[in-house]
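**Student:** got a sequence here, can you build the structure:
(3 chains)
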Amino acid sequence: MTERVLIIGGSANDFGRETEGDVAAYQVVQVLKQYGHEVVVVDDNPYSFTSARHDIQVIEQTLTVENLVQIINDEHITAMVASVGGSTATRLGADILRLMGNGAPTVLGLSLPVMQATQNTKYLHERLQQLNIPTVQSRLASNVSEVFDATRDFELPVVIRPVAPMGQTLRLQVEDTDDLEEAAETALARSITHQVNIDKSIRGYQEISMLVIRDKSNSTILIGGVEDMDPVGIHSADSIAITPIQTLPDPVYQKLRAAAIKVIRGFDVVGLLEVRFAVDPKNNEYVITRVTPYFDRTAALLVAATGYPLVPVVVRLMLGENIEDVQTPVIGANHTALLEPTMDHIVIRFPIFSFGDFESNGVKTEHRLNTVQKSVGATMGVGRSVEEALEKAIRAAHFNNRNFSPTVMNAITDNEIIEQLIYPRDNRIFVLMEALRRGYTVDELAEMTKINAFYFYKLAQINKLEETVKNNAWQTDVLKLAKYYGLSDGLIARLWNAKFEEIRRYRWDNGILPTFKAFEPSAGEFEEAANQYYSTFESENESNRLDRHSVLVIGPGGFRLGDGAAASYVMAMVVKELQSQNISTILMNNNPTDLMFMSELGSKKYYEPLEISDVMNVIEIEQPVQVFVPGNRIKLIKSLRKNGVNVQVIAKEKYLPSSMKDDLPYTVINYFYDGQTIYLIGLGYQSNQGIILDQTMMSEELWERLPKPRMSSETPGLYQLIINQLPSYDENPAMIVRPMPFTMIAFLDKVTGIDWLRLVIRYMLNRQTYAEQQFLAQLSSLDWRVPKAQLEYWDADFAEHMEINEELDNGRYAIGATYRII
Amino acid sequence: MPNEIYVMTTRYLILQDGTVYEGEAFGAPATTFGELVFNTAMTGYQEIITNPIYYNQIIMFTTPTIGAAGINHYADEAIVPAVKGVVVREIAEISTNRIRALSLNDYLKRHNIPGISQIDTRALTRHLRETGVQKASIVDQPDDHAFDQLRAMVLTNQQIAQISTPKAYANPGRGANVVVLDFGLKSGILRMLSDFDANVTVLPFSATFDEVANLDPDGLVISSGPGDPAQVPETALDLIREFETRVPLFGIGLGHELFAIANGAKVSELTSAHHGMNHPIREQITKDIMFATQGQAYYVDAKSIKDTPLFVTHIDITDNQIQGLRHRDYPAFSVQFFPDAAPGPLEETQAFAEFMEMVMARRGGGTI
Amino acid sequence: MAKEIVDAMAMQRALTRITYEIIEKNKGVTNLAIVGIKTRGVFIGQRIADRLQQLEGATIPVIPLDITHYRDDDAERAGEKSSFNVDIDNKRIILVDDVLFTGRTIRAALDAIMDNGRPAAVNLAVLVDRGHRELPIRADFVGKNIPTATSEKIRVNMKEFDGQDGIEIR
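**Tutor:** Numbers count the residues shown, from 1 in each chain, chains lettered A, B, ... in the order given. So this is what the prediction gives:
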């Protein structure tokens, strides 16, 4: 039966909401179309790659339950997908079911209880108790004596929370009996009903995630597990995460696996479920702290790490296929999607913090990590040892950040070290390494930080390695060892007081060359159709040159403050167009949530840091005819050119021009430049709140008389001119033409209904046709898809996340945005 | 600071086909010989290393790091490990478990088992995938002498005789009376039977009919073990034939292969041995998919089942090979995989529940 | 309060074991027919038939049986006489019910079977035997023996009918 499927989008990007949902949504559409279903996407995220598709119906409306119910009725929707729009979509899915009752379309794969449990821990705890699965112990008390009763049962520490608090919510962590009475009285006094909840504290427990998938016949498999290095108390997105799980003994691992299977069955989910555990390191007892029935960063990480085609498989399960019958092109021929992925490499996800970006602009932030997410992105490092994966992940995350220089660590005092061990900050990994260097033992550190001793053992190995490298300059076997454990040419150059090029040449001269290994889910047991690789320095290389006309596209890397999702959109569009030109496209990136690495894009992929040495290693294997690089990677572009590489820059302006002090709106004139001629596209306004694109602003006179600046470069692209007010007929405008910001490109695509980057790429490749020339010549008569729309920067609540109390320049710092048709 | 990482002892892993891998020594400095097999499990290295089925074998782990949880004696599958060597990319020389008694490195040293790390195990796995099981040796020098010795080495076919208990012993409980025939028994089997409070007597693999019958068992377990089932003496097969008609019988691993042979089926050697825990296994009767630890070099030939009183209960979906059999006329069954979950997924432990239910039913009492 | 005493897994296993025992006892599955007592006995019977199909490739008929008419503890003798659309003469019948209690239901079911033909043999399979028999009836295949007080209620949940598998006591 043909379904009309509504895909509920995730709306604006935010802390913890990168492009992973968009990646999944795009692939879900792909499968649904393949099966002949009709697709309607509702989303108001201007950076969405999925809603830029032209083969589906896209409705841009604010994501409210009322709007969705209206759309369901108007569009005769028969089924919904609520697992690709983050928690927003799951919440909306549940609301729709409640509101529409029996008349609601089915939510593919998700039961109401699981959607409720995702939103509200009360529902989670109730269901888990029915399933006989441990959850955080919690009890209600209405006087001090009952608080003590509960605490005697739970043992300290406990957390006391007032029920129905007056004013702000309150969480009191009590470690000591002496503080209990006062805390109980404070909390009781703050409660309107004079009641408090006492929870057994799980601070310091180890956090583990397991991702399971299930079909309608109850077959369930474990896709993988992820272990957080940091204990409960630091938000999981801010933690360094490792897969496969390193420190759990098999019986504990299996206990969690069995519980995850029981939970997905207990909630009757057909599709995927991530189950998050907190494990008490004292006795290996666990509690389940949350369940996530949608594609999030953990799912994205595991897809990248295992090579398992999760989204295409899960959609088929949601549509009613059994895992056993699923055949997808990416799965080898001799087995089915039922094989549980097993890994022969280590993947580490490393968070990116943006404190530095704020501080360099004089904005004060709080560096201490806690239960509220502070990271704005993450990268992943892949290697055959923990050391190698960690080195590569750090390198990928901090290619350009002074705060992470090891020399800064020398200046830190012993007292500061102790303070930062107990109250970890964004740079804790370097603090931990410095503490080891200053003689703290592994056991002491494990006790102070609640981080498993295994990781200190590994950090100590890295320290020893760096020390060895430093003391043994130009020793071949030391260089070999350093490369084996993931030290970059750049770091070795620094330790040897040499230039990166010298290290590279020395390495070549001594035959110390990278070997690329495939990501595939069988750990080498079966021949797999793999096209994703990572580098290491071992004996066998599995990656050979793809073909003689390939191009290499460098991804935007981990998201930072600002336009990460838009950059991801832009580079994905670049890849899509290259692909449609039948060019073998090789991709390099290190952000598992990025759009660029979805299976629909690229012929071959490398998960690597994006320093010059890493990029050159890939270039040496693939010998691409051209390398596309996002414009903000100035250092990389320079180095590549120095190495004689044919670089094509996707021009990028990082910041919008408004500032905290200047709240005035500006007018923006947008252009397309084909390398020779500049074409006027239209006008927009922008201010601290957002951007308005308005076709109706253009008059015949403006088309005639607006300035057509002369361009100094020959790089085709999208450009803009900022002016204070219209009309501006100045032939030599004072302000310089700048590349159009990525945010604007994505928005412009949506509003005009044109994929402008496709045009850019065609001109870059010199593959434009008569049709494109015609199109450009008639831009003034182009009917925009939406004549007028407004993009609004999303309020990402920096006060909550970063403890920033100043008012910020949204255009500069905004993580996400929404848009609406005016 | 001393350059500790730099203090390495280079050793070599050599294969009978002439392949040489250079690596770093850990464990005991001994020279060792064995069949090289790879295992794709990501957890449970200690349980794997101590499983007696690895008698005569060198295990290579495809998971890149082992040792992170140290050694914990609740995870021993035998008192003395039978494995001949351990090959891996990285070993963590640490013990992070509660007891902190021993690191993996110390443990192997104590048992005089050599290991070698910093091996490109992925390359070697892909190599073994093509060549099948090979004889291999961990040596100080990969010279002609070492290769001569390796090629001349004949591995014993008397593994079971060497590893089976020489004398009967009891593992008492207050429940049903179960006899276990030891062909290279792993502790997980006894642990599971203890969970059901079975009163267990373990007999040597060479036990006679009377020795078993005198114990008046309510059920009989034919244990897993190393090596080729064709090398097992006919007396063991006779015993299976006698007792499957009398009491519930449960064969595991080698025991499964013997149960098949005793009932007229044929067992052959796999071209590429399979060791891991990620293959989907289908229970035929329910179509349920389950996972369990597998460690097998032999398989029961599906075609040979037709003329036997057996039917197939479990299939490995990756290669459609038999993973479980059952007798048509008697409460007797067997599984190729390890249902004791030590290490491995827990779902197939229900095979023990199934066996004990049969045993209790025979005792004429209620079910468990 | 309801308490789950047999979970979905164990219930599955009990059904599986009953199926194996049916094969053992009948030396194969030829000439078998299953009579399931409504409501849950039919579902259990169907599952056993499905399992036999999986293993032996043979299709075993499952005959639903409404015994309301035959209950001797039902004063009115309500309900229609049950008539089978399968010929059961000389068949080996497996009579299936969820819970075996006083035995009166089974006796009624035997009456209904005999009204419909002359089977070669009738065996009884139940998922739960909870004791308290009032008639000389014994099951040939038992999933679980569960000792109960007469005041307690046993409830068998079947996925097909109740949304999930499991046995509860309340």
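
**Student:** what parts of chain C come near chain A?
**Tutor:** Residues of chain C found near chain A (Cβ under 8 Å from any Cβ of the partner chain) are C:A8. The C-beta positions use only the backbone N, C-alpha and C, and glycine is treated the same way.

**Student:** separation between whichever residue of chain C sits closest to chain B and C:I5?
**Tutor:** As assessed by Cβ to the nearest Cβ, chain B sits closest to C:N145 within chain C, at 4.0 Å. The gap separating C:N145 from C:I5 is 12 Å, by Cβ to Cβ, to the nearest Å.

**Student:** same question, B:T165
**Tutor:** 39 Å.

**Student:** close to chain C, is stretch B:255-266?
**Tutor:** No - Stretch B:255-266 does not reach chain C (Cβ under 8 Å from any Cβ); its nearest approach is 14.4 Å.

**Student:** send the alpha carbons of that stretch over as PDB?
**Tutor:** In PDB, the C-alpha atoms belonging to stretch B:255-266 read as follows (Å, rounded to 0.1, in the frame of the first residue of the first chain):
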ATOM      1  CA  GLY B 255      29.600 -32.900  22.500                       C
ATOM      2  CA  HIS B 256      27.200 -31.700  19.800                       C
ATOM      3  CA  GLU B 257      29.500 -33.100  17.100                       C
ATOM      4  CA  LEU B 258      29.700 -36.400  19.000                       C
ATOM      5  CA  PHE B 259      25.900 -36.600  19.500                       C
ATOM      6  CA  ALA B 260      25.600 -36.100  15.700                       C
ATOM      7  CA  ILE B 261      28.100 -38.800  14.900                       C
ATOM      8  CA  ALA B 262      26.600 -41.200  17.400                       C
ATOM      9  CA  ASN B 263      23.300 -40.900  15.600                       C
ATOM     10  CA  GLY B 264      24.700 -41.500  12.200                       C
ATOM     11  CA  ALA B 265      25.500 -37.900  10.900                       C
ATOM     12  CA  LYS B 266      28.700 -36.800   9.400                       C
END
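
**Student:** could you give the average pLDDT over that stretch?
**Tutor:** On average, the pLDDT along stretch B:255-266 is 98.

**Student:** and what of stretch A:753-768?
**Tutor:** On average, stretch A:753-768 scores 95.

**Student:** show me how far it is from its chain's centre.
**Tutor:** Put simply, stretch A:753-768 sits 27 Å off its chain's centre (Cα atoms, centre = their mean, to the nearest Å).

**Student:** buried sites along it?
**Tutor:** A:754-765, A:768 (16 or more other Cβ atoms under 10 Å in any protein chain shown).

**Student:** for A:G101, see how far away A:P113 is.
**Tutor:** The gap separating A:P113 from A:G101 is 16 Å, by Cβ to Cβ.

**Student:** for B:V202, same thing?
**Tutor:** Distance from B:V202 to A:G101, counting by Cβ to Cβ: 62 Å.

**Student:** so what's A:D199 up against?
**Tutor:** Neighbour list for A:D199: A:136-138, A:154, A:158-161 [criterion: Cβ atoms under 8 Å, 6 or more residues apart in numbering or on different chains].

**Student:** go again using 6 Å as the cut-off
**Tutor:** With contact taken as Cβ atoms under 6 Å, 6 or more residues apart in numbering or on different chains, A:D199 is in contact with A:136, A:138, A:159.

**Student:** what ranges does the stretch 651-800 of chain A have for its strands?
**Tutor:** A:666-673, A:678-686, A:690-694, A:717-723, A:738-739, A:788-793 (DSSP state E, counting those that start in this stretch).

**Student:** wait, I meant chain C
**Tutor:** Along chain C, counting by DSSP state E, strands occupy C:3-6, C:32-37, C:62-65, C:92-100, C:121-129, C:141-145, C:154-157, C:166-169.

**Student:** for those strands, which one sits closest to A:P514?
**Tutor:** For A:P514, the closest of the strands of chain C is strand C:166-169, at 55.1 Å, according to Cβ to Cβ.

**Student:** which helices and strands does the closest one pack with?
**Tutor:** strand C:3-6, strand C:154-157 (3 or more Cβ pairs under 6 Å, 6 or more residues apart in numbering or on different chains; DSSP states H and E).

**Student:** got TSV for those strands, with distance to B:M360 and mean neighbour count too?
**Tutor:** Formatted as TSV, those follow (distance: least, Cβ to Cβ, whole Å; neighbours: other Cβ atoms under 10 Å in any protein chain shown):
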stretch	distance to B:M360	mean neighbour count
strand C:3-6	15	16
strand C:154-157	20	20
